[in-house]
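Novice: the following comprises the amino acid sequence and a computationally predicted model.
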Amino acid sequence: MLVSDRRMWLVLIFAGSTVACARNPAPKGWLRTAKNAQSDPYGAWIVISRVGGASAESGEFLAFDRDSVFVLAPSREVRTVPRDSVAQAHIWFYDPETRHLAIWTALGAVSTISNGFILILTFPAWTIGGSIATAVHSRKPMRRVDRSGWDAARIYARFPAGLPANLPRTLPTKTSR
């Protein structure tokens, strides 16, 4: 009975730790690390949810003006989303690299084997503490923008001063690392 109780706790701890992390929607390799994102000339990755549950729009955040948000879709075309139709947007501006924290959490949890009986305290401490730290860290590069928060989001756009007048309707996209 003791073995099945341990398995149940391990499954519950693992499930709880994976649910709490924010999933990064950008294509793999598209977002830079926190250090490299500071000098990256491209905009952040944006996911726009529309009012009434209409289809979402995602891609590179190019710019916004008083009535529109401009997104470079993965198909390389510039899409215009009316600001009136935006319920909210989520902006991801760097890769949080949570896999590093997850590895350290797993290694720390495994190392508690050497603690003997105290393992019943140290294993959950490593697992819970590491899971919380990973979940918090996974949300650091994300900003939620509601209908009135676009001015604060300007710094994450490729063109923070606004869309250039002569911008073509298709643009080259950033390549993966």
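Specialist: Happy to help now that I have it. Residues are numbered from 1 along each chain as shown.

Novice: give me the neighbour count for residue 55.
Specialist: For residue 55, the number of neighbouring residues by other Cβ atoms under 10 Å comes to 7. The way it works is simple: take the backbone N, C-alpha and C, and place the C-beta from them, glycine included.

Novice: how would you label it: helix, strand or coil?
Specialist: For residue 55, the secondary structure call by DSSP: H, G, I helix; E, B strand; the rest coil comes out as coil.

Novice: what are the phi and psi angles of residue 51?
Specialist: Note on residue 51: backbone dihedrals following degrees, to the nearest 10 are phi -60, psi 140.

Novice: quick one, what contacts it?
Specialist: Shown here is residue 51, whose contacts under the criterion Cβ atoms under 8 Å, 6 or more residues apart in numbering are 84, 85, 86, 87.

Novice: domain-wise, how is this structure divided?
Specialist: Following automatic domain parsing, the chain resolves into domains at 27-95+141-162, 98-140.

Novice: as JSON lines, these with mean pLDDT would be great.
Specialist: Conversion of the domains of the chain to JSON lines gives the following (pLDDT from 0 to 100):
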{"stretch": "domain 27-95+141-162", "mean pLDDT": "87"}
{"stretch": "domain 98-140", "mean pLDDT": "87"}
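
Novice: now residue 34. Nearest residue, chain neighbours left out?
Specialist: On the basis of Cβ to Cβ, 6 or more residues apart in numbering, the spatially nearest residue to residue 34 that is not a chain neighbour turns out to be residue 94, at 4.7 Å.

Novice: quick check: that neighbour touching residue 33?
Specialist: Yes. Look at residue 94 against residue 33 with Cβ atoms under 8 Å: they come within range, at 6.4 Å.

Novice: count of residues packed around residue 32?
Specialist: Applying other Cβ under 10 Å, we find 17 residues neighbouring residue 32.

Novice: mind checking the SS state of it?
Specialist: Applying three-state DSSP to residue 32 yields a three-state assignment of coil.

Novice: does it really touch residue 97, like I thought?
Specialist: No. Contact criterion Cβ under 8 Å: residue 32 and residue 97 do not qualify, at 10.4 Å.

Novice: how far does the lengthiest helix in the chain sit from the chain's center?
Specialist: Selection of the longest helix in the chain by residue count, based on DSSP state H, yields helix 119-139. A distance of 20 Å separates the C-alpha centroid of helix 119-139 from that of its chain, computed with Cα atoms, centre = their mean, to the nearest Å.
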